[in-house]
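Asker: got a sequence here, can you model it:
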Amino acid sequence: MKNKRPILSYIYGITLFFIALTGFAQMPIFKRYYIADIPGLGWLAEFYVTHLMHYTFAGIFIGLVFYSAFDFIFSRKKVDPVSFSGMIKSFLFAGLMLTGILLVIKNFSGTPFSPGFIIGLDILHLGFCMALIFFGLYQLINRKKFLLSK
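Answerer: Okay, here's the model as predicted:
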């Protein structure tokens, strides 16, 4: 099936790239391993810059996911069904979004999350991220598609 909206694919790819980059920048690995010392990459060591960028791109990502889901569900034309690998990727997206939203809620004052729950939530969010990266690589290598083409 030919992609009818290539601009959405580019926005999706750029958004996921910056979400992953700024998400890993939340852990101080870029400063620790001197990647932020490379000219032009110093902003990766600035926590508040990467934090704001991560939230901004996460909002764009959530908007893209909901737009694509509603477009798929309410499309008047006949669309191809979702493949098994598409269902797995949808599950990973849902897990990432749910844990991400809970992590945002955790930042509000007065939230009743225990420290153990927050640590588990952080690990689960990172786990969904890593699973999505590795599953995306698997899909790329094996040329698995999100939708079944007829």
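
Asker: and the gap between the spatially most central residue of the chain and Pro112?
Answerer: In the chain, the C-alpha nearest the mean C-alpha coordinate belongs to Leu16, at 5.3 Å (Cα atoms, centre = their mean). To Pro112, Leu16 is 32 Å away according to Cβ to Cβ, to the nearest Å. Every C-beta, even on glycine, is put in place using the N, C-alpha and C of the backbone.

Asker: check for me that the residue nearest to the centre of the chain belongs to a strand.
Answerer: No. Under DSSP: H, G, I helix; E, B strand; the rest coil, Leu16 sits outside any strand and is assigned helix.

Asker: that one contacts Phe61, doesn't it?
Answerer: Yes. Taking contacts as Cβ atoms under 8 Å, Leu16 lies within contact range of Phe61: 7.0 Å.

Asker: taking the mean pLDDT, what do you get for the helix or strand that contains Gly116?
Answerer: Here Gly116 sits within helix 115-142, counting by DSSP states H and E. For helix 115-142, mean pLDDT is 91.

Asker: i'd like the first residue to be 277 from this point on
Answerer: Taking 277 as the first residue, the last one we looked at is helix 391-418.

Asker: for it, name the packing helices and strands.
Answerer: Helices and strands touching helix 391-418, as assessed by 3 or more Cβ pairs under 8 Å, 6 or more residues apart in numbering; DSSP states H and E, comprise helix 282-302, helix 360-382.
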